[in-house]
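Asks: I need the structure of the sequence given here:
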Amino acid sequence: VLGTPAYMAQEQAAGATETLDERTDVYGLGSILYQILTGNPPHVGTDVIEVLKRIASAPTPSARDANPRIPSALDAICQRAMAKEPDARYRTASALGDDIQRLLADEPVSAYAEPFRARAARWIRRNRGTTIAATIVLLSISVALLNLLWQRSTAIQQEMELLGRENRHASGRLNALIDILRSDVEYLADFDDVPTILETQDRPGGAQHMDAREELASAFEEFVKHRKIYFQARLIGRNGDELVRVERDARGDVHAHWVDLPNKSKREYFTRTMVLPPDRIYLSQVELNKEDGKVALPRMPVIRAAIPVSIADGGTDGADGVVVINTMCEPLFEMLRGNAGRGVAPRHVYVTNAAGYFLWGTDEAIETFAFDEPDRPLDGDTRLQERFPEFRQLFARGGSREDQSRVCAADPVDRAVHLHQLRFDPSRPDRFLVLAVDAPYDTVEASAQTRYRLPMYATWALILALVVTLGWVLVRARVPWTLLRHVRRDA
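Replies: As a prediction, the model looks like this:
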């Protein structure tokens, strides 16, 4: 056996001289390359016999095991040149040299199957201009797609805002009527006959000034006749006795009542108003009208405005009486019905109190004023948070001054819901009305689709133009599609 043992191929070390050919020399070149890369021959031992044994039995060493900084492609060239089987080596030294030249030229080598990431990085390094152009086009496509999603989201948000805008408009009208109610109760309390009647309310036998009472009743009648939404106007003495009472009957006629007038000393609106400072107005929550503590029939939702009245020349501490106006809420609520047919349709409109109990609504499936009639059989939802549980926490926290818009799960379709609070009594932050409007979410989406259709078509046209531009850039750059073809295999 002739040669340096450390650089011998397996067949040369075994003395099989008849099998030696150019591939044996390729092994020697690979061994020299290995030593150049690592500083040591591929096989070492204490003597020649041990080195020959290692060549025959040990696997082909990897240069990267000795020096991890060696590129994987160069290690693969070295291992292929030193393969155990001659058929696995380069056929000629020239083929080995060609692979090394390709490596130096930053080209793929035959001995190493590069992953996609390495092939892509090489292509990018060689085509920086094309890469920059393609990146700009891809970013433009991404921006266009994000803009498309943003336009759709904005269109839906605008539809939700439309619900809120109409809701706030309706709230403004209700608030204006409540402001008129405040002014009216102050106006009635300023009638000249009010202090005259209150001065004589404590006379023995109830001998109040009847002429003044009749004149005040006549003035109250005339006033209520011109205010179609007012149900009652009353003057109540300090002991809770009704001194003047005018009322609208079922036919709409207004009359004064003088017989069997009930005492109101236990009613909340009376007790709260009597302890108010002068010129402060009490506004009740919306509730069903009651007589003698029972719901009066037919059921009539009312809101009361009351103001304390004191005799000008004094004589007693605190208020001497109360002027009260009962307002029928049904006409107020009915004007909201128009909102159910505007904009996004079909929709429902609701009014609830601060606890979420329904007071009115266009959906006949709800139950109103359940808090006033606890013994009445109930078939439907009594509170807004029962119908839309997404708002349960909102009512548990005592409401929010901010408008709320949410998509709520419902059967058979989800509903877009907007809530707006009408805080009609600044002195009682816990007392407010909630105006709610809802519409099928698919209807909101369809309306939004119509709103952003033109921008959508324009954006898709831009995206198509960008895709064509990207294809043209890649074709002009002669992208090696075979490089991309193996992405799935490498992954």
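
Asks: Now residue 175. Nearest residue, chain neighbours left out?
Replies: Distances taken as C-beta to C-beta, 6 or more residues apart in numbering place residue 422 nearest to residue 175, at 6.0 Å, with adjacent residues excluded. Yep, even glycine has a C-beta here, placed from its N, CA and C like the rest.

Asks: Show the pLDDT at that neighbour.
Replies: If you check residue 422, the pLDDT there is 88.

Asks: now residue 286
Replies: 93.

Asks: Kindly report the same for the one 3 residues further on.
Replies: Residue 289 is assigned 90 on the pLDDT scale.

Asks: Output the lowest mean pLDDT helix or strand found in the chain.
Replies: One helix or strand of the chain scores below all others by mean pLDDT, DSSP states H and E: helix 487-490, with a mean of 42.

Asks: picking up where we left off before, what backbone torsions are found at the residue nearest to residue 175?
Replies: phi -110, psi 100 (degrees, to the nearest 10).

Asks: okay but it is in contact with residue 169, surely?
Replies: No. Using C-beta atoms under 8 Å, residue 422 is not in contact with residue 169; the gap is 11.9 Å.

Asks: Please identify which of the two sits among more neighbours.
Replies: Legend: neighbour count by other C-beta atoms under 10 Å for residue 422 and residue 169, higher for residue 422 (17 against 12).

Asks: Any regions of this protein where pLDDT drops low?
Replies: Within the chain, the segments meeting pLDDT under 70 span 1-3, 204-208, 312-317, 338-346, 399-400, 451-452, 474, 476-491.

Asks: In it, what residue spans correspond to strands?
Replies: 230-237, 242-248, 254-256, 282-283, 287-288, 290-291, 294-295, 301-309, 321-328, 348-352, 358-361, 404-408, 415-422, 433-440 (DSSP state E).

Asks: Mind giving me the packing neighbours of the last one?
Replies: Pointing back at strand 433-440 there. helix 128-189, strand 348-352, strand 415-422 (3 or more C-beta pairs under 8 Å, 6 or more residues apart in numbering; DSSP states H and E).

Asks: Which stretch among these approaches residue 306 most closely?
Replies: Nearest to residue 306 among the helices and strands packed on strand 433-440 is helix 128-189; the distance by C-beta to C-beta comes to 6.8 Å.

Asks: Kindly calculate the angle that that closest one makes with strand 230-237.
Replies: Orientation check (axes from the mean of the first three to the mean of the last three C-alpha atoms, to 10 degrees): helix 128-189 against strand 230-237 gives 50 degrees.

Asks: picking that back up, next, find the distance separating the residue nearest to residue 175 from residue 435.
Replies: 6 Å (C-beta to C-beta, to the nearest Å).

Asks: Also residue 179?
Replies: 17 Å.

Asks: same deal with residue 155?
Replies: 24 Å.

Asks: Repeat that for residue 59.
Replies: 82 Å.

Asks: Compare neighbour counts for those two and give me the winner.
Replies: Neighbour count, other C-beta under 10 Å: between residue 59 and residue 435, residue 435 has more, with 23 against 8.

Asks: Correct me if wrong: the more buried one contacts residue 417.
Replies: No. With contact defined as C-beta under 8 Å, residue 435 does not reach residue 417; the gap is 11.4 Å.

Asks: contacting residues around the most centrally placed residue in the chain?
Replies: With distances taken as C-alpha atoms, centre = their mean, residue 406 lies nearest the centre of the chain, 6.5 Å away. Neighbouring residues of residue 406 by C-beta atoms under 8 Å, 6 or more residues apart in numbering: 388, 390-391, 416-417.

Asks: what does residue 67 give?
Replies: Counting by C-beta under 8 Å, 6+ apart, residue 67 has contacts 37-38.

Asks: same thing with residue 24?
Replies: Counted by C-beta under 8 Å, 6+ apart, residue 24 has contacts 9, 11-12, 86.

Asks: If we use 6 Å, what do you get?
Replies: 9, 12 (C-beta atoms under 6 Å, 6 or more residues apart in numbering).

Asks: how close does it sit to residue 443?
Replies: For residue 24 relative to residue 443 (C-beta to C-beta), the value is 83 Å.

Asks: what is residue 233 paired to in the beta sheet?
Replies: residue 246, residue 325 (DSSP bridges).

Asks: That one reaches residue 324, doesn't it?
Replies: No. The pair residue 233 / residue 324 is not scored as a contact, 7.4 Å apart, by C-beta atoms under 6 Å.

Asks: Common neighbours of these two, please.
Replies: By C-beta under 6 Å, 6+ apart, no residue touches both residue 233 and residue 324.

Asks: Please tell me how far residue 216 sits from residue 274.
Replies: From residue 216 to residue 274 the distance is 20 Å (C-beta to C-beta).

Asks: Which residue of the two possesses the greater neighbour count?
Replies: Remark: of residue 216 and residue 274, residue 216 carries more neighbours, 25 against 19, as counted by other C-beta under 10 Å.

Asks: State the distance from that one to residue 31.
Replies: Counting by C-beta to C-beta, the gap from residue 216 to residue 31 is 124 Å.

Asks: I'd say the residue nearest to residue 175 and residue 433 touch.
Replies: Yes. Counting by C-beta under 6 Å, residue 433 is a contact partner of residue 422 at 4.4 Å.

Asks: hmm, back to that, considering the contacts of residue 406, which possesses the most neighbours?
Replies: residue 417 (26 neighbours).

Asks: so who does the nearest residue to that residue once chain neighbours are set aside touch?
Replies: In this structure, residue 417 finds its nearest non-sequential neighbour in residue 438, 4.4 Å apart by C-beta to C-beta, 6+ apart. Taking C-beta under 6 Å, 6+ apart as the contact definition, residue 438 lies against 348, 415, 417.

Asks: returning to that earlier point: make CSV out of the contacts of residue 406 and add distance to residue 458.
Replies: Below are the contacts of residue 406 laid out as CSV (distance: C-beta to C-beta, whole Å):
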residue, distance to residue 458
388, 37
390, 35
391, 38
416, 26
417, 32
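
Asks: hmm, which two among those residues are most spread apart?
Replies: 391 and 416 (13.1 Å).

Asks: Need the strands of the chain in CSV (columns: distance to residue 68).
Replies: Listed next are the strands of the chain as CSV, based on distance: least, C-beta to C-beta, whole Å:
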stretch, distance to residue 68
strand 230-237, 93
strand 242-248, 97
strand 254-256, 101
strand 282-283, 82
strand 287-288, 83
strand 290-291, 90
strand 294-295, 89
strand 301-309, 84
strand 321-328, 88
strand 348-352, 71
strand 358-361, 74
strand 404-408, 56
strand 415-422, 60
strand 433-440, 64
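
Asks: Go through those strands and name the closest to residue 269.
Replies: strand 301-309 (5.0 Å).

Asks: What lies in contact with the closest one?
Replies: With C-beta under 6 Å, 6+ apart, strand 301-309 has contacts from 181, 185, 189, 194, 269, 273, 276, 281-284, 286, 289, 319, 321-327, 329-330.

Asks: Of those residues, which count as buried by neighbour count?
Replies: 181, 185, 189, 194, 269, 273, 276, 281-284, 286, 289, 319, 321-327, 329 (16 or more other C-beta atoms under 10 Å).

Asks: and residue 236, how many neighbours?
Replies: Residue 236 has 28 nearby residues by other C-beta under 10 Å.
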